[in-house]
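> Provided below are the primary sequence and the corresponding predicted coordinates.
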Amino acid sequence: MLEHVPFIDPPEATDQGATERPHLLNRLKSQEKTMKIIYEDLPIIHGSGEILEDTTDWRTFKLKSTAVSHAMNYTDEVRSERILDCGSLLAFGVSNSGEKRLIKAYFCKDRMCPSCQKRRSLVVFHQVKDVCLSLQSEYKSTRYLLLTLTVPNVSAADLSDEIKKMNKAWASLSRKVEFKKSIWGWFKALEITHNKKTNTYHPHFHVLLAVPAKYFKGQNYITQSRWLELWQIAMKNDYITQVDVRRVKPNPKRSGSTIEAAAAEVGKYATKPSDYIKRLSKDRYVADPTVVGELAEILKFKRLIAFGGRMKEHYQKLKFDDVDSDSVDLVNVSGESDQVDAVVLQMYKWNIGLKQYIS
């Protein structure tokens, strides 16, 4: 059904099986009042019965988020409900050619929500890429290394303290004269994986290092064995047996430049949903409530990413959103203008019975 109605007045979610609650729709209506004037007079398509088809697998993310919501219900009902509401209504600008671009949605921004994790990782990717491009424009000889810093696995009870130790150790390491002589700038991201067999957690840092081209010719070069020694000293832990360091090169399996390859390497989020979400069928996923609860509590209020050195200077110059904050924009993840060459707006609602996004 095609109607010429203002975008600020979306159709009510009265279809049988729809998951939208009144408070969710009220919030969406309030948010939509800020939509740019370019969209306000476009006709809206809704009630057509069309199933959403898009390059982003919205359906799978919604099913996984629902699984996490159910698992979270054991420990935090408020967060559970917020995650369940996430992505229940999506609005796309549609061009004459049928190309869709997300222009409005409600995202819960919970750190355990798979949909929001994916959106945040895209924000990280584009921010790191743009910071690198900005840095490269000023320092054309910039090259990149990927450094992975690990520690032995720890229990859930020790994980929070271990992360604090790691952050303190990195701060100490990055202040060393030896480090500053070699490294122009850096980006650091925390990742935590879960070992099902031992029921332990493996926190580690993915660090993108910006260095001058002459670094690879031996000037202030830091070997892998020296990186290990520096990390052991900083962590005050001789039981750390390995670090990984390698030069970033274009991935032959992906299109794009070295900078895009570098951004892709660190453009991840702190947890892997596959560690605690299991697929039972094409329509159903289940999440481990213990792991979800432990990670949810541990990641609360923690900074998961950081920039330093010249990369931080360019990050600040570009005035990006703080990815760790609740104010980060998860709709326009590329940082581009939210204006699209749209001829209509198409609304999709999550139907819990059909387990599909339906227009």
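On my side now, so go ahead.

> Report the distance from the helix or strand harbouring Leu90 to the chain centre.
Assessed by DSSP states H and E, Leu90 sits inside strand 89-94. In terms of C-alpha atoms, centre = their mean, to the nearest Å, the centre of strand 89-94 is set 21 Å apart from its chain centre.

> just stretch 234-245 next, same as before
Distance of stretch 234-245 from the chain centroid (C-alpha atoms, centre = their mean) equals 27 Å.

> Could you pull out the buried residues of that stretch?
For stretch 234-245, a neighbour-count test (16 or more other C-beta atoms under 10 Å) marks Ala234, Met235, Ile240, Val243, Val245 as buried. C-beta: built from backbone N, CA, C; applies to glycine.

> same deal with stretch 58-71?
58-59, 61-71.

> Counting by contacts, list what the strand holding Leu90 packs against.
Packing partners of strand 89-94 (3 or more C-beta pairs under 8 Å, 6 or more residues apart in numbering; DSSP states H and E): helix 22-32, strand 100-105, strand 344-351.

> that older thread, now flag whichever of the buried residues of stretch 58-71 is closest to Leu330.
Distances from Leu330 to the buried residues of stretch 58-71, taken as C-beta to C-beta, are shortest for Phe61 (11.9 Å).

> host element of that closest one?
Using DSSP H and E, Phe61 sits in helix 58-72.

> likewise Ser172?
Counting by DSSP H and E, Ser172 is found in helix 156-174.

> same deal with Ala189?
strand 185-195.

> any idea which helix is longest in this protein?
helix 114-138 (DSSP state H).

> Can you list the buried residues in that helix?
In terms of neighbour count (16+ other C-beta under 10 Å), helix 114-138 has its buried residues at 114-132, 134-136.

> returning to that earlier point: would you mind giving the buried residues of stretch 58-71 as a markdown table with distance to Ile222 and pLDDT added?
Formatted as a markdown table, the buried residues of stretch 58-71 follow (distance: C-beta to C-beta, whole Å; pLDDT from 0 to 100):
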| residue | distance to Ile222 | pLDDT |
| --- | --- | --- |
| Trp58 | 43 | 94 |
| Arg59 | 46 | 95 |
| Phe61 | 40 | 95 |
| Lys62 | 45 | 96 |
| Leu63 | 45 | 97 |
| Lys64 | 40 | 97 |
| Ser65 | 41 | 97 |
| Thr66 | 46 | 97 |
| Ala67 | 43 | 97 |
| Val68 | 40 | 97 |
| Ser69 | 45 | 97 |
| His70 | 47 | 97 |
| Ala71 | 42 | 97 |
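
> possible to save those residues as a markdown table with distance to Thr200?
Formatted as a markdown table, the buried residues of stretch 58-71 follow (distance: C-beta to C-beta, whole Å):
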| residue | distance to Thr200 |
| --- | --- |
| Trp58 | 33 |
| Arg59 | 33 |
| Phe61 | 28 |
| Lys62 | 30 |
| Leu63 | 28 |
| Lys64 | 23 |
| Ser65 | 26 |
| Thr66 | 27 |
| Ala67 | 23 |
| Val68 | 21 |
| Ser69 | 26 |
| His70 | 25 |
| Ala71 | 19 |
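
> which two in those residues are spaced the farthest apart?
Trp58 and Ala71 (20.5 Å).

> which strand of this protein spans the most residues?
strand 200-212 (DSSP state E).

> quick one, what contacts Arg279?
Contact analysis of Arg279 by C-beta atoms under 8 Å, 6 or more residues apart in numbering lists Tyr285.

> Bridged to it, which residues?
Tyr285 (DSSP bridges).

> now it: how far from Gln316?
Applying C-beta to C-beta, to the nearest Å, the value for Arg279 to Gln316 is 41 Å.

> just Lys282 next, same as before
Taking C-beta to C-beta, one finds Lys282 at 45 Å from Gln316.

> go on, Cys116?
Look at Cys116 and Gln316: by C-beta to C-beta, they are 25 Å apart.

> cool, Ala264 as well?
Distance, Ala264 to Gln316, by C-beta to C-beta: 23 Å.

> quick one, which of these two is more surrounded?
Set side by side, Ala264 and Gln316 show more neighbours around Ala264, with 17 against 11, by other C-beta atoms under 10 Å.

> just checking, the more buried one touches His126?
No - using C-beta atoms under 8 Å, Ala264 makes no contact with His126, being 10.8 Å away.

> mind giving me the domain split of this structure?
The chain resolves into domains spanning 2-107+336-358, 114-277+287-318 when parsed by automatic domain parsing.

> can I get the ones you listed in CSV with distance to Leu330?
As requested, the domains of the chain are exported to CSV (distance: least, C-beta to C-beta, whole Å):
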stretch, distance to Leu330
domain 2-107+336-358, 4
domain 114-277+287-318, 4
